[in-house]
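Visitor: Quick one, what's the 3D model for this:
(chains A and B)
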Amino acid sequence: NAGVTQTPKFQVLKTGQSMTLQCAQDMNHEYMSWYRQDPGMGLRLIHYSVGAGITDQGEVPNGYNVSRSTTEDFPLRLLSAAPSQTSVYFCASSLQGNTEAFFGQGTRLTVV
Amino acid sequence: KNEVEQSPQNLTAQEEEFITINCSYSVGISALHWLQQHPGGGIVSLFMLSSGKKKHGRLIATINIQEKHSSLHITASHPRDSAVYICAVRKGAQKLVFGQGTRLTINP
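Guide: Residues are numbered from 1 along each chain as shown, chains lettered A, B, ... in the order given. Got it, this is the predicted structure:
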C-alpha cells in the first residue's frame, strides 16, 4: 500500500533552474495539496486541488505552478528556482477536503 | 499572532513520564488534527477530531471547542515517542492551518 509517494527525496538546484517535484497517491483521493516547511514556521499551503482539472492557490503560491490532469498525480513546478525556495516540501492527500490527511515523505530542496 | 499556537515549543522528559502538549487556536474550525514527524521523516496523522476525546494506544487527544483548545497526551512515554508533534486546524472545507510544532525528546 504505497499511500502518497513523493520524488525526489533530495534535490540541489542552482538559482534560475526549473524542476518538477512529483507527487502520486494510489488511494483515489480527490483532495491533494502541497506545503512547504521552513524552520520556526508551521507548514504553509502552496497550492491545492479538489479534483482532476481543478487547482487553486494557497498561502504562498508565488514561484510555483501546479496541474492536476489525473486523480493520482499532482506535480509541483518551480519555474525559476530562488534561494528563498530552499525548504522541505510535503505533498498531502485526503479523500475529501475535510477528512484525514495522508502525507508523503517530503522533498528536501536546496537552491544555491 | 499565529492562528494556531502550540506549547511548549520544546519538551524534554524522562522515559515513563506523562506528556501533555497543548494547542490553542483563534479561528472557527471544522476539525483539528494532531500529526507526528520523526527527524528526517515524513508526517503521520495521529488523530482527527472535532469534539470530545480520542484514544489510540498510549496517545490521547482531547478538544474543547468552546475554549478553542486541544491537548495531546502521551502516557508511559518512551524514547521512540521522540518526534515533533504538530497541531493543525481545518478552516472551512479544505484548508489546514498548522502550528509551529512541539519538539519532544524522551530520554531513557
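Visitor: Next, count neighbours for B:Glu16.
Guide: Counted with other C-beta atoms under 10 Å in any protein chain shown, the neighbours of B:Glu16 add up to 11. Using the backbone N, CA and C atoms, a C-beta is placed for each residue, glycine as well.
Visitor: That one touches B:Thr75, doesn't it?
Guide: No - with contact defined as C-beta atoms under 8 Å, B:Glu16 does not count as touching B:Thr75 (9.1 Å).
Visitor: can you map out the strands along the chain?
Guide: Since you didn't name a chain, this refers to chain A. Secondary structure of chain A (DSSP state E): strands located at A:4-7, A:10-13, A:19-25, A:31-37, A:44-51, A:54-57, A:64-66, A:76-78, A:87-94, A:102-103, A:107-111.
Visitor: um, chain B though
Guide: Applying DSSP E to chain B gives strands spanning B:4-7, B:10-14, B:19-25, B:31-37, B:43-49, B:52-56, B:59-64, B:69-74, B:83-91, B:95-98, B:102-107.
Visitor: Figure out which of those is closest to A:His29.
Guide: strand B:43-49 (13.0 Å; C-beta to C-beta).
Visitor: Quick one: neighbours of A:Phe103, just the number.
Guide: A:Phe103: 21 surrounding residues under other C-beta under 10 Å.
Visitor: can you pull the contacts of the nearest residue to A:Thr71 once chain neighbours are set aside?
Guide: Leaving aside its sequence neighbours, A:Thr71 sits nearest to A:Ala52 (C-beta to C-beta, 6 or more residues apart in numbering or on different chains; 5.2 Å). By C-beta atoms under 8 Å, 6 or more residues apart in numbering or on different chains, the contact set of A:Ala52 is A:Arg68, A:Ser69, A:Thr70, A:Thr71.
Visitor: and if we set it to 10 Å?
Guide: A:Glu30, A:Met32, A:Ser67, A:Arg68, A:Ser69, A:Thr70, A:Thr71, A:Glu72, A:Asp73, A:Phe74 (C-beta atoms under 10 Å, 6 or more residues apart in numbering or on different chains).
Visitor: How about B:Met48?
Guide: Contacts of B:Met48 (C-beta under 10 Å, 6+ apart): A:94, A:98-101, B:31-35, B:54, B:61, B:88, B:90.
Visitor: Pick out whichever of the residues you listed sits closest to A:Glu59.
Guide: B:Ala88 (13.1 Å).
Visitor: doesn't B:Ser45 make contact with that closest one?
Guide: Yes - judged on C-beta atoms under 10 Å, B:Ala88 makes contact with B:Ser45 at a distance of 9.4 Å.
Visitor: per-residue confidence for residue 100?
Guide: Answering for chain A, as no chain was given. For A:Glu100, the model assigns a pLDDT of 87.
Visitor: should've been chain B
Guide: Model confidence at B:Gln100, given as pLDDT, is 94.
Visitor: Skipping its backbone neighbours, what lies nearest it in space?
Guide: Spatially, and ignoring its direct neighbours in sequence, B:Gln100 is nearest to A:Gly42 (5.0 Å; C-beta to C-beta, 6+ apart).
Visitor: same question, A:Ser33
Guide: Nearest-residue entry for A:Ser33: A:Tyr48, 3.9 Å, with adjacent residues in sequence omitted and distances by C-beta to C-beta, 6+ apart.
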